[in-house]
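J.: fold the following and give me the result.
(one chain, ligands or ions: 2)
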Amino acid sequence: MKTLIFGLCLFVTTLGTVVLAQEPSSMETHQQVIILLGPPGSGKGTQAVRMSKQLEIPHISTGDLFRENMSKNTELGQKAKSFINEGKLVPDSLVLDMLFDRVSLPDCKKGYLLDGFPRTLAQAEAFNGQLTPATKLVVFNLDVPDDIIIKRAEGRLTCKDCGAIYNRYFSPPSKEGICDKCGGELFQRSDDKAEVVQERLRVYHEQTKPLIAYYAEKGILQNIDGTKSPDEVFLNLMQKFSRTR
Ligand code: AP5
Ligand code: MG
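T.: Ligands and ions are numbered 1, 2, ... in the order given. Next up is the predicted model:
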């Protein structure tokens with residue numbers, strides 16, 4: 001009964017927030033850019049898929065773009081592969097060229113959502129430098145402690161075909177190894193091995209975490225408790241987003 005009431009409240013609040021977030025006024029007059037910051041495994045991809053669907057703006061994940069290039073064995077994919085498999089960051093120059101090419105496509109005109117970019121102060125500065133006065137930027141930081149991150153990464157499964165994200169501990173698919181959404185095969189990412197996750201976390205604390213202070217100083221940072229359930233995190237994101245507009 002308690003769960004039913006909670007579910008009902010969540011549904012009603014989400015509906016209200018979503019209606020608010022979709023009011024046409026602001027989205028039509030400026031370009032809305034959303035950045036999702038957070039450690040590896042904090043839920044950026046999980047939430048980005050939902051937000052981009054809700055707000056009807058493209059979801060751009062630099063990690064997904066690199067993995068796509070790696071699976072097609074492009075020159076960029078070959079260059080990025082060793083950095084990714086060792087848990088290091090891909091050099092800024094490769095990231096920036098790829099990112100600027102992507103955000104200049106027509107589908108980004110109204111706005112877009114960045115997942116996993118920027119990851120260094122140099123990337124953040126370069127990105128800022130190309131924004132126009134018409135761009136409205138909001139940054140969400142998904143806060144999740146390291147011990148939870150390690151468990152999440154270890155259990156993550158991703159669909160080869162549609163990219164849907166599962167977790168063998170927290171949100172398993174109904175049929176083992178098969179995507180509920182499209183029937184595709186689920187796989188474990190090569191950089192989700194325990195030792196690589198440790199290195200990704202180390203790199204995060206050293207190079208990406210300083211971006212929290214960087215965007216807080218600009219007055220555009222919103223902190224989100226990323227340890228809550230995916231539904232609650234989504235609700236908090238949409239509520240905070242609607243208040244920024
Ligand atoms: P990237 O693909 O961006 O990886 P990441 O930042 O390490 O983040 P993840 O994708 O691992 O986690 P996530 O936050 O998306 O969490 P998810 O939603 O999947 O980058 C990979 C690599 O590419 C980098 O290491 C680097 O080498 C390179 N790269 C990419 N961008 C770069 C850049 N800008 N500069 C330089 N190099 C770059 O969730 C994780 C798991 O937790 C899932 O199983 C999910 O089901 C579960 N989960 C999610 N939310 C919850 C919740 N609320 N409760 C319980 N479980 C949850
Ligand atoms: Mg991701």
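J.: which residue packs closest to the residue in the chain positioned nearest to ligand 1, ignoring adjacent ones?
T.: Taking Cβ to the nearest ligand atom, ligand 1 has its nearest neighbour within the chain at residue 63, 1.9 Å off. All C-beta spots, glycine's among them, are computed from the backbone N, C-alpha and C. Nearest non-adjacent residue to residue 63, counting by Cβ to Cβ, 6 or more residues apart in numbering: residue 116, 4.7 Å away.
J.: contacts only, for the one you found.
T.: Taking Cβ atoms under 8 Å, 6 or more residues apart in numbering, we find residue 116 in contact with 36, 44, 61, 62, 63.
J.: on that earlier part again, helices or strands up against the helix or strand encompassing the residue of the chain closest to ligand 1?
T.: According to DSSP states H and E, residue 63 maps onto helix 62-71. Under the contact criterion of 3 or more Cβ pairs under 8 Å, 6 or more residues apart in numbering; DSSP states H and E, helix 62-71 touches helix 75-85, helix 92-103, strand 111-115.
J.: helix 92-103 and that helix, what's the angle between them?
T.: Using axes from the mean of the first three to the mean of the last three Cα atoms, to 10 degrees, the direction of helix 62-71 lies 100 degrees away from that of helix 92-103.
J.: which of the residues in helix 62-71 are buried?
T.: Neighbour-count burial for helix 62-71 flags 62, 63, 64, 65, 66, 67, 69, 70 (criterion: 16 or more other Cβ atoms under 10 Å).
J.: what are the buried residues along the lengthiest strand in the chain?
T.: For the chain, the strand reaching the highest residue count under DSSP state E is reported as strand 135-143. For strand 135-143, a neighbour-count test (16+ other Cβ under 10 Å) marks 136, 137, 138, 139, 140, 141, 142 as buried.
J.: am I right that the last one is in contact with residue 233?
T.: Yes - in this structure residue 142 lies within contact range of residue 233 using Cβ atoms under 8 Å: 7.2 Å.
J.: so what sits against both of the two?
T.: Residues touching both residue 142 and residue 233 by Cβ under 8 Å, 6+ apart: 43, 47, 224, 226.
J.: can the helix or strand the second one falls within be found next to ligand 1?
T.: Meaning residue 47. Residue 47 belongs to helix 44-55 when assigned by DSSP H and E. Yes - legend: contact between helix 44-55 and ligand 1 by Cβ under 6 Å from any ligand atom is shown at 44, 45, 46.
J.: what subset of those is buried?
T.: Neighbour counting with 16+ other Cβ under 10 Å marks 44, 45, 46 as buried within those.
J.: isn't the first one right up against residue 142?
T.: Looking back up the chat, that one is residue 44. Yes - Residue 44 is within contact range of residue 142, at 6.2 Å (criterion: Cβ under 8 Å).
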